[in-house]
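# Give me a model of this one.
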Amino acid sequence: MSDPGRTDEQEIRADEDVVRVRQLVRAYSLQVKLSLVDQTKLVTATSELARNTLIYGGGGTARVEEVTDGRRKGVRASFHDEGPGIPDVTVALADGWSSGKGLGLGLGGAKRLVDQFELDTEVGRGTHIVVVKWAR
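You can find the predicted model right below:
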């Protein structure tokens, strides 16, 4: 997978920043010609992740970029915070688990909506999540 160069970063410190992340993801999704269904899936997943970054991570950053893998194009979005980390990733990814503060989708739901999902977390050091959605 390679990065053709276009990248945007957005700090996540307030609700308005979550909206900006959604707008960035939508713009990139249009650029790589994701279907309307895939655009909606990616925007929904990244909205949940941006909100989690704000609520649980105390804020952080989002990075959105166009990526290629051979002939296919996609959108990669990464979220980084220096919050408390996720103490039990298995529980956090489980269906039906929610703290009640997010969109109700949870990490497991966000994971199902994208083609690639990577989570790196350490208690006391923060969380880094990367998702990719490929154009079909």
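# Only C-alpha atoms from now on, for both contacts and neighbour counts.
Fine.
# And the next helix or strand past the longest helix that the chain contains?
Ordering each helix of the chain by length in residues (DSSP state H) puts helix 36-55 first. Remark: after helix 36-55, the chain's next helix or strand is strand 60-69, criterion DSSP states H and E.
# which parts of the helix or strand just after that next one are buried?
Downstream of strand 60-69, the next assigned helix or strand under DSSP H and E is strand 72-81. Across strand 72-81, burial judged by 16 or more other Cα atoms under 10 Å covers 73-81.
# and strand 72-81, how far from the chain's centre?
Chain-centre distance of strand 72-81: 7 Å, with Cα atoms, centre = their mean, to the nearest Å.
# now do stretch 7-26
Between the centre of stretch 7-26 and the centre of its chain there are 11 Å (Cα atoms, centre = their mean).
# from the buried residues of strand 72-81, which is closest to Glu16?
For the buried residues of strand 72-81, the closest approach to Glu16 (Cα to Cα) belongs to Phe79, at 15.9 Å.
# can you tell me how far the residue nearest to the closest one when sequence neighbours are not counted sits from His128?
Nearest non-adjacent residue to Phe79, counting by Cα to Cα, 6 or more residues apart in numbering: Ala62, 4.5 Å away. According to Cα to Cα, to the nearest Å, Ala62 and His128 sit 10 Å apart.
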